[in-house]
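J.: Fold the following for me, if possible:
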Amino acid sequence: MNNRAVNNDAKSSNTDRKTVDNSTTPLLNVHDLSVSFTQYTRGLNQKELKVITNLNVSINHGEILAIVGSSGSGKSLLAHAILGILPANVIISGNMDYKGVSLIPKIQAELRGKEIALIPQSVNFLDPLMKVGKQVRSSVNNGNATKIQRNIFQRYNLEDKVDHMYPFQLSGGMTRRILVSTAIANEAQLIIADEPTPGLDTGIVNETIRTFRELADKGCGIMLITHDIETALKIADRIAVFYAGTTVEIAPVEDFSGNGNNLRHPYSKALWKALPHNDFRPIMGHQPPPNRLPKGCLFAPRCDKATVECHDILPKASSLRGGMVRCIHAS
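T.: This next block holds a predicted model:
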């Protein structure tokens, strides 16, 4: 099936998925999350390196939220914070709730790999000493594990012999298909997919996003972390734009269209216009590293609309036209 057909399938199911869950409580709610790492400098002095600052994001039942942004913007760190798999030198503040319950370490351990599943960016998450078929079967919580695993493999064009292979015997594309298979086999309520499609051919990419759409239509929440805005546009309900460790905008997918005039934040608009099918206009400058964050708006040094106030104050997140934005000039 071609890309246009996939997009049409996703659009046709938008109406149906809104009736899956009428709960007013988000499946996942992250509010004012900040993440820092304690580091030792010369002379065994300690310093804190803040990599996420006042980040807000939420996912509803039956929703696909795509998270986009350049490398280093905090996308994967957010995923690891939700799952509770950050290193011991981490300092976390803010709130993370799953179904209204705070994600404290004990709860994270109980949910991880069961109700909350990760499709990781790194292929190293597979057990190198276990055959991949067994790894997928071990993630099945309900039903005939062998039948479920074989059906998933067939869906992703993985031959029967792959069942008995070890991770080192797989190609990069096959490994990513195994990672996707492992996550969808356990019937998780929240799936965090961190760059799940690089290295896959168009057919498998389309099959993967169709699977995500089907899972969302059944009530699951999907967090799709990606650099590929084009893929996100095919299936996402909303898109969250990250920059330098915070959320600068969350918008309905429909706002990413035309000239981007419906977008709220200058960075979102610049990101949209940088795409090849738009103006293909590069964004001048560079995203600041965590140890050199500006005092005020994180995008101010690159923004042609920045004023003195932008350089002095970090804007608060505010609701605007059915979305969220962190910019004092947004309208």
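
J.: where along the stretch 1-150 of the chain do the strands fall?
T.: Secondary structure of the stretch 1-150 of the chain (DSSP state E, counting those that start in this stretch): strands at 28-40, 46-59, 64-68, 90-98, 101-102, 116-119.

J.: can you put those strands in CSV and add mean neighbour count and mean pLDDT?
T.: All C-beta spots, glycine's among them, are computed from the backbone N, C-alpha and C. Formatted as CSV, the strands of the stretch 1-150 of the chain follow (neighbours: other Cβ atoms under 10 Å; pLDDT from 0 to 100):
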stretch, mean neighbour count, mean pLDDT
strand 28-40, 17, 95
strand 46-59, 18, 94
strand 64-68, 26, 97
strand 90-98, 16, 97
strand 101-102, 10, 97
strand 116-119, 24, 94
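
J.: can I get these in a markdown table with distance to Pro252?
T.: Below are these laid out as a markdown table (distance: least, Cβ to Cβ, whole Å):
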| stretch | distance to Pro252 |
| --- | --- |
| strand 28-40 | 18 |
| strand 46-59 | 14 |
| strand 64-68 | 11 |
| strand 90-98 | 23 |
| strand 101-102 | 27 |
| strand 116-119 | 24 |
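
J.: Tell me which of these sits nearest to Gly221.
T.: strand 46-59 (4.2 Å; Cβ to Cβ).

J.: Need the distance between the two termini of stretch 33-53.
T.: This stretch, stretch 33-53, spans 6 Å end to end (Cα to Cα, to the nearest Å).

J.: For the most centrally placed residue in the chain, give me its contacts.
T.: Taking Cα atoms, centre = their mean, the centroid of the chain lies closest to Ile225, which sits 2.7 Å from it. Contacts here follow Cβ atoms under 8 Å, 6 or more residues apart in numbering; on that basis Ile225 touches Ala66, Ile67, Lys75, Ser76, Leu78, Ala79, Gln121, Ile192, Ala193, Asp194, Glu195.

J.: which one of these is nearest Arg238?
T.: So of those, ranked by how close each gets to Arg238 (Cβ to Cβ), first place is Ala66, at 7.4 Å.

J.: and that closest one, what is it in contact with?
T.: Per Cβ under 8 Å, 6+ apart, neighbours of Ala66: Leu224, Ile225, Thr226, Ile229, Ala232, Ile235, Ala236, Arg238, Ile239, Ala240, Val253.

J.: Distance check, the residue nearest to the centre of the chain against Ser318.
T.: Ile225 sits 24 Å away from Ser318, going by Cβ to Cβ, to the nearest Å.

J.: sorry, back to before: so which of the contacts of Ala66 are in helices?
T.: Filtering the contacts of Ala66 for membership in helices, criterion DSSP state H, returns Ile229, Ala232, Ile235.

J.: Identify the residue nearest the second one in space, chain neighbours excluded?
T.: When the adjacent residues along the chain are set aside, Ala232 lies closest to Ala66, with 3.5 Å between them (Cβ to Cβ, 6 or more residues apart in numbering).
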